[in-house]
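> what follows is a predicted structure for the sequence shown.
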Amino acid sequence: MGTTDCLKMSIQHTHDGLAEQLDAARRVIARPEETRRGCPPIDLFCVGTSRHLHAVDEVLLPSARVDGDYRAAEHNLGVVLTHLKAHEFGSTYEKGFDWSRGWGEVEDALSGYRAEEDAMVDWLTDSLPDERLAMLTERLERAEATEPTRPHPYLPHLGMAGRMARRVERVADSFWDAVEGRYVPEPVRPARKEPGLIGQYLLADPRFDEEE
């Protein structure tokens, strides 16, 4: 049984950020002439939420105990995000979409998903040792920076099929994001460590201290 709340705190931090992004996105005044191009506040929320969903599939679900309620909440949020992104870019299939009603559906879907995710994280915290929880938290935070930028609610979530689907969709999403001009924040990468003496020798790149 774990005694650390590191995973809970990480999930709390993520959802606090998504709530702020949702608040900023729903304040955007949509204009017809701005369709079919990215809107940074809306893109930021959609990308962040999609990446979190995929990261949970990748990192937490293989170790978690989930039921149909979690899967339904995850699927519902993915479908709502898909409609939101389609309307943002002026899809002809979303002509009946009303922004105020749409944002209400997004808020309800996100709230429902968070309740199910919190229950899953509570189970993980109560069931796994601290070392395992710390490892999952670190992997989750790393994965969120590079997962697909769209929800893909109808693709596999678990197992080899899920991993392969996410790998393919990372490439496809990156291509279409560039074509559509979506705003996708670059992942924050840690600074590269300077090579040591052996590394400098193997790279044939000696680095001398100028003062010496």
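Yes, it's here.
> next one: the longest helix anywhere in the chain to chain centre, how far?
What stands out as the longest helix in the chain, according to DSSP state H, is helix 99-127. Counting by CA atoms, centre = their mean, to the nearest Å, helix 99-127 is centred 14 Å from the centre of its parent chain.
> quick one: Val28 from Gly104, how far?
Per CB to CB, to the nearest Å, Val28 is found 15 Å from Gly104. (Glycine included, C-beta is placed from N, CA and C.)
> ok, Pro156 touching Glu169?
No - contact criterion CB atoms under 8 Å: Pro156 and Glu169 do not qualify, at 10.9 Å.
> of those two, which one has the most company?
More crowded of Pro156 and Glu169, by other CB atoms under 10 Å: Glu169, with 20 against 14.
> and that one, what does it touch?
Residues near Glu169 by CB atoms under 8 Å, 6 or more residues apart in numbering: 148, 150, 152, 155.
> tell me which residue is most central in this protein.
Against the mean C-alpha coordinate of the chain, by CA atoms, centre = their mean, the closest residue is Arg51 at 1.7 Å.
> check which helix or strand that one maps to.
helix 40-55 (DSSP states H and E).
> sec struct for Ala19, please.
With DSSP: H, G, I helix; E, B strand; the rest coil as the basis, Ala19 sits in helix.
> read off the pLDDT value for it.
Note for Ala19: predicted pLDDT of 96.
> stretch 39-51: how far from the chain's middle?
Relative to its chain's centre, stretch 39-51 lies at 9 Å (CA atoms, centre = their mean).
> before we move on, what about stretch 42-56?
On CA atoms, centre = their mean, the centre of stretch 42-56 falls 3 Å from that of its chain.
> with stretch 161-168 instead?
Averaged C-alpha coordinates place stretch 161-168 at 15 Å from its chain's average position (CA atoms, centre = their mean).
> how about that stretch: buried residues?
For stretch 161-168, the buried set under the neighbour-count rule, 16 or more other CB atoms under 10 Å, comprises 162, 165-166.
> cool, and stretch 123-141?
So stretch 123-141, judged by 16+ other CB under 10 Å, has buried residues 124-125, 128, 133, 135-137, 140.
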